[in-house]
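show me how the following folds:
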Amino acid sequence: MGLAAYSRGDLELVLLAHHPNCEYHGPPDQGGLGTLELQGTSRGHQGYREFEAEWRSAWDEYWIVPQELIDLGDRYLIIVQMAGHARGSTLTVTQPAAILEELDDRGLIIREQRFTDPAQALTTLGLVAEDVQQQADRQRTR
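Reported below is the predicted structural model:
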């Protein structure tokens, strides 16, 4: 539901899964400003709406395709492929990315961290690709 709603721009549905005071963090390699000089950190539903409005203003069409979900207990990491058509273009631009989400005790997202490089997300979490593959293999055998 979440990524499909996000891809079609239904942010109100997306926000149902987010705590009202959720923190949103842009890619850490961007310093105080996120990708395309967008604000790197925002808070709350309105902050999320503003960030997304600014981000989506650069795109005629934008979507995310999930590649992998890594369960980390009260957090999870989603490896995705971002894709879209920049404003005024018909060419599809793609980039791998990752989204780390932390949950509260009710299962609501209380923190979201975006990464422009999935390997950086794995490194931040103290994981390497081999660890993730081993975890996936164990889950398949259950």
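
and residue 107, that one's in a helix?
No. Residue 107 sits outside any helix when classified using DSSP: H, G, I helix; E, B strand; the rest coil, being coil.

what's the burial count for it?
9 (other Cβ atoms under 10 Å). Where you see a C-beta, it was placed from the backbone N, CA and C, and this is true even at glycine.

please renumber the chain so that the first residue is 466 from this point on.
Taking 466 as the first residue, the last one we looked at is residue 572.

helices along the protein, start to end?
With helices called from DSSP state H, the chain shows them at 467-472, 476-480, 509-521, 583-589, 594-605.

bridged to residue 545, which residues?
Beta-bridge pairing of residue 545 under DSSP bridges involves residue 531, residue 562.

please look at it and residue 534 and confirm they touch.
No. Counting by Cβ atoms under 8 Å, residue 545 does not reach residue 534; the two are 9.8 Å apart.

the two: who's more crowded?
Comparing residue 545 with residue 534 by neighbour count (other Cβ under 10 Å), the higher total belongs to residue 545, at 23 against 11.

residues contacting the nearest residue to residue 540 once chain neighbours are set aside?
Spatial nearest neighbour of residue 540, excluding adjacent residues (Cβ to Cβ, 6 or more residues apart in numbering): residue 567 at 4.7 Å. Residue 567 makes contact with 539, 540, 574, 575, 576, 577 under the criterion Cβ atoms under 8 Å, 6 or more residues apart in numbering.

re earlier: and for residue 545 and residue 534, which residues touch both?
Joint contacts of residue 545 and residue 534 (Cβ under 8 Å, 6+ apart) do not exist.
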